[in-house]
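S.K.: Below: sequence and its predicted model.
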Amino acid sequence: MSVSTDRDAAFLAGIGEIANTVAAAHADDVDRNARFPIEAITALREQRALSAFVPAEYGGEGVSFRAIATACFTLGRRCGATAMVFAMHQIQVATIVRHLEGAPHFEEYLRTLVAEQRLIASVTSEVGTGGDMSRSVAALTPGADGRSSFEKQAPTVSYGGYADDLVTTLRNHPDAAPGEQVAVLHRTDATTMEPTGTWDPLGMRGTCSPGFVVKAEVGAEQVLPAPFSTIATETMVPVSHLLWSHIWLGIATDAFDRARAFVRAAARRAPGEPVPAAVKLSHVMTQLSLLRGEVNTALDEFLEADEDRERLSTMAFALHFNNLKLAASEQAPRVCQGAMGVCGIVGFKNDTPFSIGRHLRDSMSASLMVANERLHQTNAGLLLIAKEV
Ligand SMILES: Cc1cc2nc3c(=O)[nH]c(=O)nc-3n(C[C@H](O)[C@H](O)[C@H](O)COP(=O)(O)OP(=O)(O)OC[C@H]3O[C@@H](n4cnc5c(N)ncnc54)[C@H](O)[C@@H]3O)c2cc1C
């Protein structure tokens, strides 16, 4: 095995252990109380998983993107909220790693992230633009001392109360158009965060994602050198859609596993008797296979295109990765609902080995994390003009 394969295998073995022991043990309590999955995130920190994607030259583990995606799937099978916190952090890490363009501030930041296992949250959504990441209202406003300040009304900041740092999107100056954006990295202990609500949602309750008014003053060195439009097309959009989809696949897979365990238990209770739910299970498996196929194909396509990163900016790839998000976010709840139909009342109840309620509720957040209708509207425009799809 090559060094990188060894590294990936060791990383994934550790993730599997944390998923099966720590995340699984606390998932129901995290969900019931809409509390941060502190045990699993602490375990991930101890395993140095927060710096897993940081290249070895900055002291990180340098695991592959495929391994990060697999980790999202593995964690998603046991606790959707833990997986989502892990994924959102890795999206920010990938953004910095892939777009720092040799800037010393960001190189130094990555070394600090490795040493301190810092957790990064994201502030892209905004009151006024909703989930449209390609436009901002808030702007960097230059001050007298060469620094700039901003104030952003953020409707949803997952684990904002637990993060060490934030990546915030803003217009790059007060007169800039909504699409002239930059991404800024700033510490939460140098940021004012006024909560604007509570967090008592249907699903993904452990992500602890209330709204905040986010205010900070930053230096020019804290602005990522690449324009945000490049960051979004080459990294933030495809990486988000890939990692989220792996989580949704993980949630759906566990729902299917529970349904299968239910059918097998029924067969054991009455040997030789037909189990009517077994046929329903077969239908659910077909739905799960479609989801798995979509997610795995998209990951392979991304890794292949990433060898020549500019290919990620083509209309064809924008369509593919939007379509991945649309397909996976609609298919995962379908699988969970099918699994609940297999298990019947013991799937509907929250306190049985076959409970599917948390899976179904968590998976229903998928179509809202950037509203699917927005993506359909973007795709509708691209389909009219793209030469190849
Ligand atoms: C669990 C979870 C965690 C999240 N964490 C974060 C986070 O950490 N940081 C962050 O920045 N964001 C986060 N978000 C995303 C954020 O909450 C939403 O993207 C944002 O708040 C948009 O809110 P909205 O649903 O009102 O969507 P909007 O995009 O404002 O949409 C509102 C309604 O209008 C419809 N709509 C919007 N545009 C169109 C269109 N073009 N065509 C047709 N219909 C349209 C939508 O379908 C929807 O019905 C998270 C979301 C979830 C579910």
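M.R.: Sure, I can see it. Because the structure is predicted, anything quoted here is derived from the model rather than measured.
S.K.: pretty sure residue 302 is in contact with residue 242, am I right?
M.R.: Yes - taking contacts as Cβ atoms under 8 Å, residue 302 lies within contact range of residue 242: 5.9 Å. For glycine as for every other residue, the C-beta is placed from the backbone atoms N, C-alpha and C.
S.K.: show me the contacts for the residue in the stretch 1-150 of the chain that the ligand sits nearest to.
M.R.: Residue nearest to the ligand within the stretch 1-150 of the chain: residue 130 (2.2 Å; Cβ to the nearest ligand atom). With contacts defined as Cβ atoms under 8 Å, 6 or more residues apart in numbering, residue 130 is in contact with 155, 371, 374.
S.K.: Break the chain into its domains for me.
M.R.: In the assignment given by automatic domain parsing, the structural domains of the chain cover 3-118, 121-222, 228-385.
S.K.: could you dump the ones you listed to CSV with mean pLDDT?
M.R.: Listed next are the domains of the chain as CSV, based on pLDDT from 0 to 100:
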stretch, mean pLDDT
domain 3-118, 97
domain 121-222, 97
domain 228-385, 96
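S.K.: picking up where we left off before, how near is the residue of the stretch 1-150 of the chain closest to the ligand to residue 124?
M.R.: With the distance defined as Cβ to Cβ, to the nearest Å, residue 130 ends up 11 Å from residue 124.
S.K.: Close to the ligand: what parts of the stretch 151-300 of the chain are there?
M.R.: Applying Cβ under 6 Å from any ligand atom, we find that the stretch 151-300 of the chain lies next to the ligand at 155-158, 204, 207, 209.
S.K.: Tell me which two of the residues you listed sit farthest apart.
M.R.: Maximum pairwise distance in those, criterion Cβ to Cβ, is 14.6 Å, between 155 and 204.
S.K.: of those two, who's got more company?
M.R.: Neighbour count, other Cβ atoms under 10 Å: between residue 155 and residue 204, residue 204 has more, with 28 against 18.
S.K.: For that one, give me its contacts.
M.R.: 80-81, 84, 361-362, 365.
S.K.: State the distance from the residue of the stretch 1-150 of the chain closest to the ligand to residue 248.
M.R.: With Cβ to Cβ as the criterion, residue 130 and residue 248 are 21 Å apart.
S.K.: try residue 72
M.R.: 9 Å.
S.K.: Which one's more surrounded, these two?
M.R.: The residue with more neighbours, out of residue 72 and residue 248, is residue 248; 32 against 24, by other Cβ under 10 Å.
S.K.: so the more buried one touches residue 76, yeah?
M.R.: Yes - if you go by Cβ under 8 Å, residue 248 and residue 76 touch, sitting 7.0 Å apart.
S.K.: and residue 168, what element?
M.R.: Element membership of residue 168 [criterion: DSSP states H and E] is strand 165-171.
S.K.: any idea which helix or strand comes after that strand?
M.R.: Counting by DSSP H and E, what follows strand 165-171 is strand 181-187.
S.K.: gap between the longest helix anywhere in the chain and the chain center?
M.R.: Across the chain, the longest stretch assigned as helix under DSSP state H is helix 237-269. Taking the mean of its C-alpha atoms, helix 237-269 sits 17 Å from the chain's own mean (Cα atoms, centre = their mean, to the nearest Å).
S.K.: Which elements pack onto the next helix or strand after that helix?
M.R.: Once the chain leaves helix 237-269, the next helix or strand it forms, by DSSP H and E, is helix 277-305. In terms of contacts (3 or more Cβ pairs under 8 Å, 6 or more residues apart in numbering; DSSP states H and E), helix 277-305 is packed against helix 65-76, helix 237-269, helix 315-343.
S.K.: What is the burial count for residue 234?
M.R.: Using other Cβ under 10 Å, residue 234 is surrounded by 23 other residues.
S.K.: OK, contacts around it?
M.R.: The neighbours of residue 234, taking Cβ under 8 Å, 6+ apart as the test, are 98-99, 309, 312-313.
S.K.: Tabulate the residues you listed (a markdown table), appending distance to the ligand and neighbour count.
M.R.: Formatted as a markdown table, the contacts of residue 234 follow (distance: Cβ to the nearest ligand atom, whole Å; neighbours: other Cβ atoms under 10 Å):
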| residue | distance to the ligand | neighbour count |
| --- | --- | --- |
| 98 | 19 | 20 |
| 99 | 18 | 20 |
| 309 | 24 | 13 |
| 312 | 21 | 21 |
| 313 | 21 | 14 |
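S.K.: Spatially, what comes nearest to residue 165 if we skip its sequence neighbours?
M.R.: Using Cβ to Cβ, 6 or more residues apart in numbering and skipping the chain neighbours, the partner closest in space to residue 165 is residue 120 (4.7 Å).
S.K.: Enumerate every residue touching the one you found.
M.R.: Neighbour list for residue 120: 89, 92-93, 113, 163-167, 185 [criterion: Cβ under 8 Å, 6+ apart].
S.K.: Perfect, I'm done here.
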